[in-house]
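Enquirer: Coordinates for the following, if possible.
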Amino acid sequence: MSFFQGGALASAPLAMQHVPQMNGLCTRCGYAGSDVKVLTCGCSFHARCINIIGPNKLTHCSNCHIVISSLALYPMSFDELDAARKAPPSKKKSKKRKEPGGNTLDDSNEGDCRTGRWTADEMNFCDRLIDTFKMGNLPLAEGVKLNDFLSSMLKSKQSRLTKKMKNANLSGKIFKVTNGYIADMESCRRFSEVEDAFLTSLSDPMERAVVRFHMQKKWREWFSSFCVNYGQPLDADTWLSSVEEMEKRESLAKDAARMARRKKMMGIALDQDIQNPDQGVFIDRSGNTDHGLYDSLYLDHDDLNLILSDKPVTATNGKGKQQISDKHYWHYSSPFLGKAIAYIQRHGCPFEYIDVWVPSFLPDGDASQGSGSKGNNANCRLCFAGFATADTCIPSDNRTQAEPISQDEQYHLLSFGDYSQKFSFNVGCGLPGRVYETGVPTWEQSVQNAPHQHFERCGGAIQWGVKTVVGIPIPSPNVGRIVVVLYSKHDRNKDQDLVGRLYEEFKKMVPSPKWKLVVDIGKSPVNEEALELSAPLPAQNDAKTSSMGHLQSNDMMQNGFNANGNGFHSTMQGNGMSTSTTPQASGSKDQRIDELVALLGEQMPHDPNSPQATYFQHFMSLRLMLLKPNRSDSEREIEEILLSSFSSYKSSGRENKDIAIMIARDFMFLKQSTQQGQVAPPQQSPQLSSATSNPNFMQQAQVPQHFQLPQQQQQQRAMMDASNHSVVGMANNGHIHRPPSHSGIPDVSNHSQHVNIGPPPQQQQQHMQAQNGQAHEMNLPQHLRMNHGMHPPSH
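Expert: Below you'll find the predicted structure:
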């Protein structure tokens with residue numbers, strides 16, 4: 001007992017002024033950092049300083065002589081790590097030793113092991129470990145190799161050990177238990193002194209805290225296994241709780257380092273792509289700052305302190321670790337992506353990532369901004385619509401067995417998805433734009449080495465290892481055509497049959513993009529030309545914000561249709577709609593009117609290939625009628641009937657899309673009934689009598705001559721026109737190109753079957769429009785059918 005009174009305990013505080021007093025002092029050696037304590041008296045020991053085996057095992061505490069019944073492991077302490085993190089980073093960096101990485105707690109990653117030159121204190125401590133290992137005086141399991149023990153204890157690579165001790169034969173020395181602890185007190189104190197000197201020699205506070213934490217963790221892991229092997233009771237509840245907290249911190253540290261690396265790689269890729277942008281390729285530069293592109297996205301020192309703080313962390317999935325696969329479905333923009341990625345994995349398709357590009361019609365002013373425009377559809381832009389990643393992949397072309405994708409690879413694919421959503425393309429520009437314009441699939445290999453003109457995102461392909469890209473055009477019922485692009489991190493040989501199968505399968509999924517209506521609240525300049533061509537909305541200052549939102553969507557809708565030359569805009573102008581700007585009458589307004597106006601603006605068809613395109617005129621007419629400040633008695637009667645129908649459809653639980661179509665049909669029927677009731681009985685010369693009251697008489701006189709043929713010839717001619725129309729198909733941009741009209745009225749010659757001479761022209765035109773909708777729906781599947789071959793272009 002004289003040793004403990006006048007020896008180590010007296011000198012230990014002087015030697016450990018820099019060491020936090022963690023878990024008390026060891027009763028035998030007098031140094032801090034004890035691993036185990038006696039539950040009966042509370043005395044502490046290092047794992048190497050207590051004997052639990054053999055005839056001389058510890059039964060009474062050597063300090064207070066109380067009977068030892070059970071032992072307990074100390075939990076891991078994060079105090080020194082947190083103090084080192086909160087301290088400002090040192091400006092003076094050592095050139096001899098690698099700095100500790102972002103993952104400071106994980107010893108499984110060999111990239112975080114210590115490297116660099118050996119110091120004298122580290123060599124002395126390594127020699128002490130080797131001597132104690134050979135004597136069997138450590139609480140280790142039998143069969144442990146010396147090189148594994150030293151590598152784990154010193155947190156060093158085995159190659160670093162073998163270079164220093166070439167002739168030591170570290171892998172040939174196996175541990176065999178002799179005492180299981182350091183029996184000699186002087187040797188025990190000397191061991192702790194050499195260990196403390198080694199930790200003191202580490203000048204970087206962060207590195208010193210990491211190495212100390214790691215060594216304590218390994219000692220307690222080995223001691224717990226040692227107690228289990230020899231039947232020693234050990235309370236490890238608090239230790240296991242601290243291990244769970246440590247695993248949470250490891251996961252957060254990995255995510256923080258991965259996020260910082262991800263932002264840095266994204267900045268490098270975008271910097272490379274922005275330097276040489278292709279014409280018609282648009283890149284979102286909202287993250288550009290004076291300090292460089294996307295520098296604000298990097299994690300700084302304070303962010304890392306917040307993530308790695310000592311506060312309790314709630315587990316994301318109950319297991320302490322958040323799997324990247326849990327995030328996949330957050331990025332799915334529609335069920336189509338989920339079905340597509342499930343099909344790819346189920347059938348072993350050699351792709352690990354998929355994204356979708358859909359057309360979006362922009363106002364002329366917005367479409368002209370950017371790096372340029374190309375083609376006749378400058379106001380149609382291919383926009384990013386979502387992505388998904390697979391959980392398995394095919395390693396090579398010669399193997400068909402799928403293997404799980406590592407978390408790092410999944411994270412790289414997710415990063416590539418975030419990077420891709422900053423791009424948009426004009427029709428005919430970029431890979432999605434070219435596939436959308438031609439309607440022909442493409443299979444590209446080695447895109448990481450391709451120029452920007454060949455693959456516009458080669459910067460991201462280099463950063464995240466994308467090598468093969470396949471673009472497939474898929475017909476869509478509401479936007480005409482979308483582009484599905486598949487990616488792989490391996491070089492995949494071209495497979496025409498696979499492209500055909502994917503096309504047929506994706507087409508069966510019927511992709512139907514849904515657009516979000518975004519309303520900007522506030523004063524903004526409004527284009528006067530757009531006001532003239534759009535709905536007759538009130539021009540007063542008290543106009544509601546919802547009306548302005550519909551005005552913007554209506555303007556965008558008209559720009560989209562006019563660019564395709566489908567004649568919808570001239571049809572809307574020829575309907576004789578009122579453009580009254582009388583202030584809105586005072587009084588209560590039915591809330592259902594605003595709901596119906598919003599529904600019509602949201603569900604209004606904006607693609608002529610859509611089955612609902614025949615109702616576009618009725619959508620627009622009804623919406624404009626509801627927005628008029630003053631309406632006639634007949635219009636108010638129609639309004640009341642439609643509002644009643646609207647309430648009935650909503651209460652029945654129908655979808656908004658179905659409600660909008662049914663309301664448009666009701667409006668069409670009511671308008672026809674009202675107009676038929678106002679038409680006078682036919683005279684002897686119906687065409688001449690109706691011409692005097694019809695403002696479009698001169699235009700009707702210029703109708704092509706085949707309208708005046710006998711009924712049998714008219715039917716034959718109509719069948720020929722319909723067949724010619726089906727051959728045209730989707731020639732450009734997924735839209736139908738109709739022959740130019742010879743008159744101011746919409747060109748319906750390709751749809752009409754016959755023309756009755758007897759009824760008045762107004763009824764005749766209505767009859768033609770009704771048959772126009774039927775013929776369009778009958779011919780729709782032919783328009784959506786791909787007329788192009790599935791042969792990918794040759795390089």
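Enquirer: Only C-alpha atoms from now on, for both contacts and neighbour counts.
Expert: Noted.
Enquirer: Tell me the buried residues in stretch 169-182?
Expert: Neighbour counts over stretch 169-182 (16 or more other C-alpha atoms under 10 Å) mark 170, 173-182 as buried.
Enquirer: Stretch 637-644 now?
Expert: Under the neighbour-count criterion of 16+ other C-alpha under 10 Å, stretch 637-644 has 638-639, 642-643 buried.
Enquirer: Can you pick out the ones from the residues you listed that are in helices?
Expert: 638-639, 642-643 (DSSP state H).
Enquirer: What about the residue lying closest to Pro233 once chain neighbours are set aside, how many residues nearby?
Expert: Excluding its sequence neighbours, the residue lying closest to Pro233 (C-alpha to C-alpha, 6 or more residues apart in numbering) is Ser70, at 5.5 Å. Number of residues near Ser70 (other C-alpha atoms under 10 Å) recorded here: 14.
Enquirer: picking that back up, quick check: of the buried residues of stretch 169-182, which lies closest to Ile66?
Expert: Closest approach between the buried residues of stretch 169-182 and Ile66, by C-alpha to C-alpha: Tyr181, at 20.5 Å.
Enquirer: So that closest one versus Leu71, what's the distance?
Expert: 16 Å (C-alpha to C-alpha, to the nearest Å).
Enquirer: re the thing from before, compile the ones in helices among the buried residues of stretch 637-644 into TSV and extend it with columns for pLDDT and distance to Pro605.
Expert: Formatted as TSV, those follow (pLDDT from 0 to 100; distance: C-alpha to C-alpha, whole Å):
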residue	pLDDT	distance to Pro605
Ile638	87	22
Glu639	85	22
Leu642	87	20
Leu643	86	21
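Enquirer: Max pairwise distance over those: which two?
Expert: Greatest spatial distance among these (C-alpha to C-alpha): Ile638 and Leu643, at 8.6 Å.
Enquirer: Can you list the buried residues in stretch 396-411?
Expert: 402, 405, 409-411.
Enquirer: Which of the residues you listed sits closest to Val447?
Expert: Glu409 (18.0 Å).
Enquirer: Would you mind pulling up the elements that the helix or strand harbouring the closest one packs against?
Expert: Counting by DSSP states H and E, the element that carries Glu409 is helix 407-420. Where contact means 3 or more C-alpha pairs under 8 Å, 6 or more residues apart in numbering; DSSP states H and E, helix 407-420 is packed against helix 237-275, strand 380-389, helix 458-464.
Enquirer: Which secondary structure state does Pro359 sit in?
Expert: Using DSSP: H, G, I helix; E, B strand; the rest coil, the structure places Pro359 in strand.
Enquirer: Please name the bridge partners of it.
Expert: Leu382 (DSSP bridges).
Enquirer: Surely it and Val479 touch.
Expert: Yes: using C-alpha atoms under 8 Å, Pro359 is in contact with Val479, at 7.1 Å.
Enquirer: more neighbours, the two?
Expert: Taking other C-alpha under 10 Å, Pro359 and Val479 do not tie; Pro359 has more neighbours (26 against 22).
Enquirer: who are the neighbours in contact with Arg592?
Expert: Listed by C-alpha atoms under 8 Å, 6 or more residues apart in numbering, the contact partners of Arg592 are Leu643.
Enquirer: and it, which of the three is it?
Expert: Secondary structure for Arg592, judged by three-state DSSP, is helix.
Enquirer: Next one: it from Ser645, what distance?
Expert: 11 Å.
Enquirer: on that earlier part again, now, which of the buried residues of stretch 637-644 sits nearest Cys29?
Expert: In terms of C-alpha to C-alpha, no member of the buried residues of stretch 637-644 lies closer to Cys29 than Leu643, at 89.0 Å.
Enquirer: I figured that closest one hits Ile593, correct?
Expert: Yes: using C-alpha under 8 Å, Leu643 makes contact with Ile593 at a distance of 7.4 Å.
Enquirer: Please identify every residue contacting each of those two.
Expert: Here Leu643 and Ile593 share no contacting residue, scored by C-alpha under 8 Å, 6+ apart.
Enquirer: Next, the buried residues of the host helix or strand of Ala83.
Expert: Per DSSP H and E, Ala83 falls inside helix 79-86. When burial is assessed from 16+ other C-alpha under 10 Å, helix 79-86 yields the following buried residues: 80-82, 84-85.
Enquirer: is it true that Phe133 touches Val177?
Expert: No: contact between Phe133 and Val177 fails when scored by C-alpha under 8 Å: they sit 9.0 Å apart.
Enquirer: could you pull out the helices for the stretch 551-700 of the chain?
Expert: Along the stretch 551-700 of the chain, the segments classed as helices by DSSP state H, counting those that start in this stretch run 568-573, 591-603, 616-627, 633-651, 656-678, 686-691, 697-700.
Enquirer: Thank you, goodbye.
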